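>>> this is the structure alone, sequence omitted:
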């Protein structure tokens, strides 16, 4: 399922995650994967102008990821994903709390800084977002999170 998810084959990934969750409804990895797929579907609806449907999928993502965090509270990527989903439904305090906890678990993790930047964008705090994106780029100059941070800065007109 994870391989299909990484390759963008969300339908097949979700089918396999569904099978895993049929066996263990609280499996953290399957919950993370399904939560990420629901976020992606929400993003697609948001980009298409259907904010009501987008919110429906973002809420599903939050629900799935909360269970994953409960099962694996020390997992930084799960908390980082939950933070983005929380931000999309307007739960900014929850988003920041998840990222602060993730930062305590693994100080300096580039995904934490990247997602902090994304949350600050949603909160309309561009100065803080810029700071976090630049920090991500410093920590992960040639990796995927650094590349994403550069893209975020470009979208803000800062790169």
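Great, that's in hand. Everything quoted here is computed from the prediction, not taken from an experiment. Numbers count the residues shown, from 1 in each chain.

>>> residues near residue 132, how many?
Neighbours of residue 132 under the rule other CB atoms under 10 Å: 24. (C-beta placed from N, C-alpha, C; glycine too.)

>>> residue most distant from the centroid, this protein?
residue 23 (25.1 Å; CA atoms, centre = their mean).

>>> need phi/psi at that one.
Note on residue 23: backbone dihedrals following degrees, to the nearest 10 are phi -80, psi -50.

>>> and the pLDDT for it?
On pLDDT, residue 23 comes in at 97.

>>> could you do residue 73 as well?
97.

>>> please apply the same query to the one 4 residues further on.
Here, the pLDDT recorded for residue 77 equals 96.

>>> just residue 115 next, same as before
98.

>>> tell me the contacts of it?
Shown in contact with residue 115 (CB atoms under 8 Å, 6 or more residues apart in numbering): 80, 83-84, 99.

>>> kindly recompute the last result at 10 Å.
Residues near residue 115 by CB atoms under 10 Å, 6 or more residues apart in numbering: 76-77, 79-84, 87, 95, 98-99, 102, 109, 132, 136, 145, 148.

>>> what subset of these is buried?
76-77, 79-84, 87, 95, 98-99, 102, 109, 132, 136, 145, 148 (16 or more other CB atoms under 10 Å).

>>> can you flag which of these belong to helices?
Among the buried ones among the contacts of residue 115, the ones falling in helices (DSSP state H) are 76-77, 79-84, 87, 95, 98-99, 102, 132, 136, 145, 148.

>>> buried residues in stretch 60-78, which are they?
Across stretch 60-78, burial judged by 16+ other CB under 10 Å covers 60-62, 64-69, 71-72, 75-78.

>>> pull the most distant pair out of those residues.
60 and 76 (21.9 Å; CB to CB).

>>> for the residue farthest from the centre of the chain, give its distance to residue 16.
Distance of residue 23 to residue 16, given as CB to CB, to the nearest Å: 11 Å.

>>> check contacts around the closest residue to residue 42 other than its chain neighbours.
The shortest distance from residue 42 to any non-neighbouring residue, by CB to CB, 6 or more residues apart in numbering, is to residue 57 (3.6 Å). Contact analysis of residue 57 by CB under 10 Å, 6+ apart lists 37-46, 85, 88.
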